[in-house]
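> model this:
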Amino acid sequence: MDQLRLTQLAHGGGCACKIPPGELDALVSPLSAPHGHAAGFAGELLVGLDGGGDDAAVVRLDGERAVVTTADFFTPVVDDPYDWGRIAAANALSDVYAMGGEPLAAVNLLGWPRETLPYELAARVLSGGRDVAHAAGCHVGGGHSVTDPEPKYGMSVVGVVHPDRMLRMDAARPGRALTLTKPLGTGVLNARHKATGTVFPEAVASMAALNRDASRAAVAAGIRAATDVTGFGLLGHLYKMARAAKVTVVVEAAAVPYLADARAALRDGFVSGGTRRNLEWVTPFVDFGAAPEEERLLLADAQTSGGLLLAGELPGFPVIGEIVEAGASPVVVR
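The predicted model follows:
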């Protein structure tokens with residue numbers, strides 16, 4: 001089992017295995033429900049399916065408290081089971097941070113091929129998830145498991161947020177800067193890892209890092225619009241923010257940070273199917289100007305456990321563009 005490579009047991013890896021964004025829009029759009037109080041329901045729904053694709057649902061309990069709830073899981077993105085658990089947990093917790101909340105408790109979600117993989121590996125995955133959740137100050141209490149031909153792991157997380165200080169995509173306003181809190185490139189590096197077994201420690205560290213500090217700083221700075229950058233790539237999440245807020249977002253391609261080996265991985269052809277689907281989906285909504293194909297693919301690269309995309313400037317993190325009044329294209333690349 002020392003030679004076992006978890007990434008070889010899955011058709012895709014990490015957030016690159018998401019349902020394509022265009023197909024997902026068509027799937028969930030009939031399920032949208034009105035916000036606010038509903039007869040027979042506890043609390044007031046502040047953010048739901050019709051909010052433009054926010055990272056979690058939010059229900060107000062009273063004037064000071066709202067519950068944030070989310071779930072996220074995926075196939076192995078790296079071969080090391082402990083690191084996979086860490087990354088999956090950080091990714092699930094990120095949905096709470098992307099809403100400006102603090103995670104309180106999580107439960108594990110595990111799909112496991114019990115006839116082909118030993119439970120010792122599953123225990124290492126769960127240990128990685130537990131350790132990251134505990135580092136976030138989040139309880140982990142049980143969960144749910146099923147047998148599955150492909151290994152899958154993640155968490156369902158519940159958190160809290162002040163209703164007047166939460167982050168949401170439709171709050172982006174013209175005149176604000178765009179800030180990105182983690183470099184891009186995990187998609188192409190994960191694709192290279194899956195194909196060759198090469199480990200990229202910088203990418204693992206980035207994916208396993210919590211978005212907690214950036215989220216807290218953003219809320220304290222008065223920022224009220226954000227999302228996290230995951231499987232739909234930077235361009236996909238920019239478009240979703242622009243669509244929700246009815247604005248145009250302008251991204252300066254030269255200002256976008258990347259992990260050190262990302263461009264080399266792209267040039268060598270390590271591009272996931274998820275990244276190509278992202279670019280195909282978002283192209284009608286983007287004015288690319290003179291951006292070459294390489295830049296377009298990197299901007300659409302399907303990230304796993306990426307950083308926060310904030311509508312506002314946050315000291316210590318790169319500004320990658322700005323929000324302007326709605327124009328002919330929701331997203332503009334310069």
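> so who does the residue nearest in space to the middle of the chain touch?
For the chain, the residue nearest the mean C-alpha position is residue 230 (3.1 Å; Cα atoms, centre = their mean). By Cβ atoms under 8 Å, 6 or more residues apart in numbering, residue 230 lies in contact with 15, 18, 91, 94, 237, 302, 303, 304, 305, 306. (Each C-beta comes from the backbone N, C-alpha and C, glycine too.)
> again, but for residue 98
Residues in contact with residue 98 (Cβ under 8 Å, 6+ apart) are 54, 55, 56, 167, 211, 215, 226, 227, 228, 308.
> For this structure, which segments count as strands?
Taking DSSP state E to define them, one finds strands in the chain at 44-47, 57-60, 66-74, 102-112, 139-147, 152-161, 177-180, 226-228, 248-251, 286-287, 308-311, 319-324, 331-333.
> Now mean pLDDT too, for these, in TSV please.
Below are those laid out as TSV (pLDDT from 0 to 100):
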stretch	mean pLDDT
strand 44-47	88
strand 57-60	93
strand 66-74	96
strand 102-112	98
strand 139-147	95
strand 152-161	98
strand 177-180	98
strand 226-228	95
strand 248-251	98
strand 286-287	98
strand 308-311	98
strand 319-324	98
strand 331-333	97
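> mind putting those strands in TSV, mean neighbour count and distance to residue 260 included?
Output for the strands of the chain, formatted as TSV (neighbours: other Cβ atoms under 10 Å; distance: least, Cβ to Cβ, whole Å):
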stretch	mean neighbour count	distance to residue 260
strand 44-47	20	36
strand 57-60	22	37
strand 66-74	22	24
strand 102-112	21	30
strand 139-147	12	33
strand 152-161	23	27
strand 177-180	23	16
strand 226-228	29	22
strand 248-251	23	21
strand 286-287	20	26
strand 308-311	28	21
strand 319-324	19	18
strand 331-333	23	23
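> Dump those strands to JSON lines, plus distance to residue 276.
Shown next, in JSON lines, are the strands of the chain (distance: least, Cβ to Cβ, whole Å):
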{"stretch": "strand 44-47", "distance to residue 276": "30"}
{"stretch": "strand 57-60", "distance to residue 276": "30"}
{"stretch": "strand 66-74", "distance to residue 276": "18"}
{"stretch": "strand 102-112", "distance to residue 276": "26"}
{"stretch": "strand 139-147", "distance to residue 276": "30"}
{"stretch": "strand 152-161", "distance to residue 276": "23"}
{"stretch": "strand 177-180", "distance to residue 276": "22"}
{"stretch": "strand 226-228", "distance to residue 276": "22"}
{"stretch": "strand 248-251", "distance to residue 276": "19"}
{"stretch": "strand 286-287", "distance to residue 276": "15"}
{"stretch": "strand 308-311", "distance to residue 276": "21"}
{"stretch": "strand 319-324", "distance to residue 276": "22"}
{"stretch": "strand 331-333", "distance to residue 276": "17"}
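> wait, which of these is closest to residue 294?
Nearest of the strands of the chain to residue 294, taken as Cβ to Cβ: strand 331-333 at 12.6 Å.
> for this structure, what are the low-confidence residue spans?
Filtered on pLDDT under 70, the chain yields the residue ranges 1-3, 12-18, 20-22, 24-25, 28-39, 50-52.
> Show me the domain layout of it.
The chain breaks down by automatic domain parsing into domains covering 6-161, 169-333.
> out of these, deepest packed?
Highest mean neighbour count among the domains of the chain (mean count of other Cβ atoms under 10 Å): domain 169-333, with a mean of 21.
> Show the end-to-end separation of that one, please.
One end of domain 169-333 to the other measures 20 Å (Cα to Cα, to the nearest Å).
> Next: stretch 272-288.
Note: stretch 272-288 ends 21 Å apart using Cα to Cα.
> if we can go back for a sec, how near is the residue nearest to the centre of the chain to residue 67?
Per Cβ to Cβ, to the nearest Å, residue 230 is found 22 Å from residue 67.
> now residue 124
Distance of residue 124 to residue 67, given as Cβ to Cβ: 31 Å.
> what about stretch 236-256, distance to the chain center?
Computed by Cα atoms, centre = their mean, to the nearest Å, the chain-centroid distance of stretch 236-256 equals 15 Å.
> for stretch 154-162, that is, sorry about that
On the basis of Cα atoms, centre = their mean, stretch 154-162 sits 14 Å off its chain's mean C-alpha point.
> Mind listing residues that contact that stretch?
Stretch 154-162 has contacts (Cβ under 8 Å, 6+ apart) with 56, 58, 64-74, 88-89, 91-93, 95-96, 99-109, 129, 133, 138, 140, 143.
> Same question for stretch 324-334.
By Cβ under 8 Å, 6+ apart, stretch 324-334 touches 174-175, 235, 238-239, 242-243, 246-253, 282, 285-289, 291, 295-296, 299, 321.
> all helices of this protein, in order?
21-28, 81-97, 119-135, 186-196, 201-208, 212-220, 233-245, 262-267, 273-282, 293-299 (DSSP state H).
> so which of those comes closest to residue 8?
Among these, the nearest to residue 8 by Cβ to Cβ is helix 186-196 (7.5 Å).
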